[in-house]
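Asks: need the 3D shape of this:
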Amino acid sequence: MHTCACYMRMAELFEKRGRCRIYCLNTQLADGSWNIGWSWGGNYPDEWAISKNWWKGQWIIQNLLYLKGFGRL
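Replies: Below is the predicted model of the structure:
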């Protein structure tokens, strides 16, 4: 077993990436998007609807590129 700090850090990062990849796959919605995990607390509802849709699109692109990088698409 490797005990050097560099190896331990790399192993930790790979473990975190694995958990992130699983989370990303498990939280994808049936329509292929992901929920936005924040809101504006009910303020500016019309603007929020537009912004939420834009952010959803950004999350789709970001997450699909992330999964593609791991060969999961």
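
Asks: who are the neighbours in contact with residue 72?
Replies: 21, 25 (CB atoms under 8 Å, 6 or more residues apart in numbering). (Each C-beta comes from the backbone N, C-alpha and C, glycine too.)

Asks: from here on, call the first residue 28.
Replies: In the new count, where the first residue is 28, that last one comes out as residue 99.

Asks: and the helices in the protein, which stretches?
Replies: Taking DSSP state H, the helices of the chain run over residues 32-53, 72-96.

Asks: including distance to residue 62, mean neighbour count and mean pLDDT, could those helices go into a markdown table?
Replies: Shown next, in a markdown table, are the helices of the chain (distance: least, CB to CB, whole Å; neighbours: other CB atoms under 10 Å; pLDDT from 0 to 100):
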| stretch | distance to residue 62 | mean neighbour count | mean pLDDT |
| --- | --- | --- | --- |
| helix 32-53 | 12 | 11 | 74 |
| helix 72-96 | 8 | 12 | 92 |
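
Asks: nearest to residue 61, out of those?
Replies: helix 72-96 (4.7 Å; CB to CB).

Asks: which residues does the closest one contact?
Replies: 47, 48, 51, 52, 55, 59, 60, 61, 63, 66, 67, 100.

Asks: apply 7 Å and report the result again.
Replies: With contacts defined as CB atoms under 7 Å, 6 or more residues apart in numbering, helix 72-96 is touched by 48, 51, 59, 60, 61, 63, 66, 67, 100.

Asks: how near is the closest residue to the second one other than its chain neighbours to residue 70?
Replies: Yep, that's residue 51 we're talking about. Once flanking residues are discounted, residue 51 sits nearest to residue 90: 5.4 Å by CB to CB, 6 or more residues apart in numbering. Per CB to CB, to the nearest Å, residue 90 is found 27 Å from residue 70.

Asks: ok, and the closest non-adjacent residue to residue 59?
Replies: residue 87 (6.7 Å).

Asks: among the contacts of helix 72-96, show me the least confident.
Replies: On pLDDT alone, residue 100 ranks lowest of the contacts of helix 72-96, at 74.
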